[in-house]
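S.K.: Only the shape, not the letters, is given here:
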């Protein structure tokens, strides 16, 4: 038989089982659309994040130091790079003087090539070197009362004020800075006399590399060439990682959602293929009786699957292409998310490969069953089972390994992929065991039930493998339904305060002890709120458990990392004291001591968890501090989880009250207010009455980053709902197939005289047991898994979305009801002839 | 009675430079000077009260704190952060004046360390900032110490990656310079 004939036979077979084939194609198509959309969404977001990182860094690679580079150094590293464009620029502090006032500013000294990615948005005049011009941050415009055409002085040069900096791409995630930014052109750096011996500045060499260049490899090469530890080499990857913790959360979450969707797609496909195989097994037995070889039968089976996969893939691509403009419109106009969805070649090719070749791998157990199938089975009502021989286990290992490889590709992390794959395998085993336990319990107690219930239970216990498969898949899809939204809620709650009044407008620091009351009074009078001030005591850690903590960094040949490690240990640390925990803190180990009263014992301090881990300090350890010349011992009594994005003054080390009150200290605070006018008035009063107090206006910084968080939150919401839809879809598909599986048996029951209500009740009872058990275990495990993931993977506080659970319940119940109603419809029209026809 | 009973005490009161920011405590210039005095079997005991980020505003309260230790001389090195943050020079001068006034009332001998801001802060601000110290030294009749970062400022090899704080080698040079000055003055 030629391949052409095999194709013909396969198509004939597919047409004969038209409804099953269509059902399979439709199911696969719907699953693939979900997966395609998730892929597109994730890759578009990752691409956008990478572009953002390039913009923030101002290039692909940035080499900087707080000194000038020699021409030899520059020549040396440039020999290693394939440069498309470069920009050399400087950043330094200086005083900007007007006729009446002067103000500290951070001067950005740029050339014509800057920025290599993105662009400045300047009011009035664009960046030019036609004459000495200066552009300034809007926050100092009012303070200095500048108008267009005014002259200001920076260093020895007069500059023409030419507008405000509306958007600076390099400061997308700018932190709170001492001074507002001003821009000048590099042409006027020399005449301004800012670069003299003793000047403090940072020199940057930013490069846009040839698109074929491997940025990370180039970065490593430069780091090997430039051994001076003061030189900083940064790539876009570093910028994406360290510029914002939020970005990391989002990237991790995206990877996780795509992985979950992928896992669900595989499970659903695996179940559906096994289900269709059971429907077709008698045809296969007939082929065997007619003398068709196993090889040919397998070929027919594989060709059928290939045709189904290709058709499903084609259909999903067409539908995704037509859906994409609608989704794009929804994202931009409805959710205000500036994300350009790109159906790139990568998303298309990888997803198509998975869609087409995935089912072939999943089909292996059915192929093994084809080989084992004996024509005699035509006359026996026996279940075919996969023989668990060596080949089966090899297939199992290969499948899990391939899934793991896909997970690595999705998450870019061996660790995450291994944990995810391991957890999925563990969950499958766990759900299988739970299923067995439930069936054993039901079997044991079924003798006490009436015949209807007894028969319903028998329907489940008679086919433990089939029930197990459907129970596990249903549990997993419910787990997904219940898991992801909590992860999303926890991430958003970590990075985004619930309401605007929790967002600070100002940060005040360097408040002296005798100024505390004055500042509190000003707040009470102007902002009508009590201000909480945090004391900050400067100290050094000398010893941990009597071992020296500080490191010498005297060796000239020290690596960059070793030098940084030594410097960070020797840098001293700010500590605070309080008799309470802020709402951004919670104790995760040990006990918090609010007040230290017993002078005989050591004060009990609380350490931030990640800091303690980094420094290898545990509860019970003894720490020796030097508080400005006074040696002080303390014992670690607790570890705290701190929400660093809370916008509150947070510290690594917290002392109880009663120890540090006498030590030299300053105070800091953040000011929260919705009233912009009152905030401005408060700021003016503080700067007039307490001139030493430094005030940083963080409104713009926080607004910019929160705008980004909000946009990303919509993205998370969208992704979570897509994954939920995939989960829901799998759930409904399983219900539907299970109903179909029971139609024949129910028909037989009716022929034997069972009233149709009883038949209906039997099926309903079976599904009530299956649905209730899988939803209960899925939701509970989902909550537990959410806690594990949020706590250990994201390392943040778990916030359960209870509203979502209610919504889930109110969606899942009607959906199940509807699926059952529609699925059980054929029960009402059962005809004994169907049974004969099917036979 | 121990020999320490007759010892005289000098305390450096300063910011991150005095704290030895980024270097081990024993490599910070006050400790190096202390070692040198020990080697000389000098009667002077040297200690330091450095607090990173502190401005002149805290000088008076910190002076009161260290006065509990009954120092014979306090070497005041406060004001660098005022300059680096571009605070008004009048404010810095007022803060230091209050501290010097109080020290004079308490009969605590003061050496006021000369400070400068980097040239990129501009000639005008730099000049006005630099002039504070000789003016105050004259007004309160205290000694004016040398600029702490002489021979160190602006030299990448002697500073940490931030270009502001001296590394171990930088601290060693500061210690030598200040030690020579103290040997002559004390």
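M.R.: Here it is on my side, so go on. Remember, predicted model here, so these are calculated numbers, not experimental data.

S.K.: The closest residue to residue A:771 other than its chain neighbours and chain B, how far apart?
M.R.: Counting by Cβ to Cβ, 6 or more residues apart in numbering or on different chains, residue A:771 lies nearest to residue A:816, which is 5.5 Å off, once chain neighbours are set aside. (Glycine included, C-beta is placed from N, CA and C.) Residue A:816 sits 62 Å away from chain B, going by Cβ to the nearest Cβ, to the nearest Å.

S.K.: pretty sure residue A:816 contacts residue A:768?
M.R.: No. Here residue A:816 does not reach residue A:768: they are 9.5 Å apart, not a contact under Cβ atoms under 8 Å.

S.K.: contacting residues around stretch B:79-96?
M.R.: A:93, A:95, A:102-104, A:178-179, A:691-692, A:694, B:14-17, B:53-57, B:59-60, B:76, B:78, B:112, B:115-117, B:121, B:125, B:128-129, B:132-133, B:135-136, B:164 (Cβ atoms under 8 Å, 6 or more residues apart in numbering or on different chains).

S.K.: Any quick ChimeraX command for the buried ones out of the residues you listed?
M.R.: Buried subset of these, written as a ChimeraX selection, criterion 16 or more other Cβ atoms under 10 Å in any protein chain shown:
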select /A:93,95,102,103,104,179,692,694 /B:14,15,16,17,53,54,55,56,57,59,60,76,78,112,115,116,117,121,125,128,129,132,133,136,164
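
S.K.: For residue A:498, give me the pLDDT.
M.R.: With respect to pLDDT, residue A:498 has a value of 59.

S.K.: Quick check: which element contains residue 104?
M.R.: I went with chain A, as the question did not name one. strand A:102-110 (DSSP states H and E).

S.K.: you looked at the wrong chain, it should be chain B
M.R.: Using DSSP H and E, residue B:104 falls in helix B:89-106.

S.K.: The helix or strand following that helix pairs with which strands, and in what direction?
M.R.: Using DSSP H and E, the helix or strand that directly follows helix B:89-106 along the chain is strand B:109-113. Using DSSP bridges, the strands paired with strand B:109-113 are strand B:73-77 (parallel), strand B:143-145 (parallel).

S.K.: Contacts for strand B:109-113 next, please.
M.R.: Identification of contacts with strand B:109-113 by Cβ under 8 Å, 6+ apart yields B:14, B:72-77, B:96, B:100, B:103-104, B:133, B:136-137, B:140, B:142-148, B:185.

S.K.: Counting neighbours, what do you get for residue 37?
M.R.: Using chain A here. By the criterion of other Cβ atoms under 10 Å in any protein chain shown, residue A:37 has 26 neighbours.

S.K.: that's the other chain; I wanted chain B
M.R.: Using other Cβ under 10 Å: residue B:37 sits among 20 other residues.

S.K.: how close does the residue of chain A most remote from its centre get to chain B?
M.R.: Most distant residue from the mean C-alpha position of chain A: residue A:753, 57.1 Å away (Cα atoms, centre = their mean). The gap separating residue A:753 from chain B is 89 Å, by Cβ to the nearest Cβ.

S.K.: ok but that residue is inside a helix, no?
M.R.: No. Counting by DSSP: H, G, I helix; E, B strand; the rest coil, residue A:753 falls outside a helix, being coil.

S.K.: any chance you could map the helices in the stretch 101-250 of chain A?
M.R.: A:139-144, A:189-192, A:215-225, A:236-242, A:245-289 (DSSP state H, counting those that start in this stretch).

S.K.: Report all helices and strands that the helix or strand where residue A:817 lies contacts.
M.R.: Following DSSP H and E, one finds residue A:817 within helix A:802-823. Helices and strands touching helix A:802-823, by 3 or more Cβ pairs under 8 Å, 6 or more residues apart in numbering or on different chains; DSSP states H and E, are helix A:464-495, helix A:699-751, helix A:756-788.

S.K.: okay, and the helix or strand of chain A with the least pLDDT?
M.R.: helix A:832-838 (a mean of 60; mean pLDDT, DSSP states H and E).

S.K.: Quick check: closest non-adjacent residue to the most centrally placed residue in chain B.
M.R.: The centroid of chain B falls nearest to residue B:77 when counting by Cα atoms, centre = their mean (2.6 Å). Counting by Cβ to Cβ, 6+ apart, residue B:77 lies nearest to residue B:14, which is 3.4 Å off, once chain neighbours are set aside.

S.K.: phi, psi of that neighbour?
M.R.: The phi and psi values for residue B:14, taken as degrees, to the nearest 10, are phi -160, psi -160.

S.K.: Could you pull up the contacting residues of it?
M.R.: Contact analysis of residue B:14 by Cβ under 8 Å, 6+ apart lists B:48, B:49, B:50, B:51, B:54, B:75, B:76, B:77, B:78, B:80, B:113.

S.K.: bridging residues for it?
M.R.: residue B:50, residue B:77.

S.K.: Residue B:33 touches residue B:46, doesn't it?
M.R.: Yes. Look at residue B:33 against residue B:46 with Cβ under 8 Å: they come within range, at 5.2 Å.

S.K.: ok so, going back, compare residue A:816 and residue A:768 (neighbour count), which wins?
M.R.: residue A:816 (20 against 14).

S.K.: for residue B:45, helix, strand, or coil?
M.R.: strand.

S.K.: all helices for the stretch 551-700 of chain A, in order.
M.R.: Using DSSP H, counting those that start in this stretch, helices in the stretch 551-700 of chain A cover A:560-570, A:609-615, A:676-689, A:699-751.

S.K.: quick one: average pLDDT of the first one?
M.R.: Think helix A:560-570. 67.

S.K.: before we move on, what about the third one?
M.R.: For helix A:676-689, mean pLDDT is 88.

S.K.: For it, buried residues please.
M.R.: Buried-residue list, helix A:676-689, by 16+ other Cβ under 10 Å: A:678, A:679, A:680, A:682, A:683, A:685, A:686.

S.K.: roughly how far apart are the fourth one and chain B?
M.R.: Just to be clear, that refers to residue A:682. Residue A:682 is 19 Å from chain B, by Cβ to the nearest Cβ.

S.K.: burial count for the residue lying closest to that residue once chain neighbours are set aside?
M.R.: Once flanking residues are discounted, residue A:682 sits nearest to residue A:526: 4.5 Å by Cβ to Cβ, 6+ apart. Using other Cβ under 10 Å, residue A:526 is surrounded by 20 other residues.

S.K.: so what's residue A:526 up against?
M.R.: With Cβ under 8 Å, 6+ apart, residue A:526 has these contacts: A:678, A:681, A:682, A:685.
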